[in-house]
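no sequence on this one, just coordinates:
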């Protein structure tokens, strides 16, 4: 082995561990970058999940209020219908009584003559 080969061999023995360290460091950096990306994804996913949950609660509150309003409206419509029906019956009764009174008066007038 000549001098140049000995120098190359000794340098290779010194450089090889450095190259391996650089390769390991690069792998660690890549792994850390992946972990950071994954953590960012998980954080954004959790944030979205929280927003969806909050909006779901808001929608539920609005729907409950709308349902309560619909229930009240149905009750008021029913009550209005009852009042209209009672008023119609009173009107028919008063017309019936007027007709009966008129026919009674006509019958009395005919019997007097």
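Noted; the coordinates are in hand. Only a predicted model underlies this, so the values are computations on that prediction, with no experimental measurement involved. Numbers count the residues shown, from 1 in each chain.

quick one: the helices in the protein?
Assigned by DSSP state H, the helices in the chain fall at 3-112.

in it, which ranges drop under the pLDDT threshold?
Where the chain drops to pLDDT under 70, the residues are 1, 3-9, 11-13, 16, 19, 99, 102-113.

give me that answer again for 90
1-36, 61-71, 92-113 (pLDDT under 90).

Spatially central residue (nearest the centroid) of it, please.
Geometric centre of the chain, nearest residue: residue 56, 3.4 Å, by C-alpha atoms, centre = their mean.

ok, so what distance separates it from residue 62?
Going from residue 56 to residue 62 by C-beta to C-beta, to the nearest Å gives 11 Å. Yep, even glycine has a C-beta here, placed from its N, CA and C like the rest.

cool, residue 98 as well?
Residue 98 is 53 Å from residue 62, by C-beta to C-beta.

What of residue 36?
Distance check for residue 36 against residue 62: by C-beta to C-beta, it reads 39 Å.

Residue 32 - how many residues pack around it?
10 (other C-beta atoms under 10 Å).

What distance do you get for it to residue 26?
For residue 32 relative to residue 26 (C-beta to C-beta), the value is 11 Å.

Please apply the same query to residue 35.
15 Å.

What of residue 54?
From residue 54 over to residue 26 (counting by C-beta to C-beta), the distance is 42 Å.
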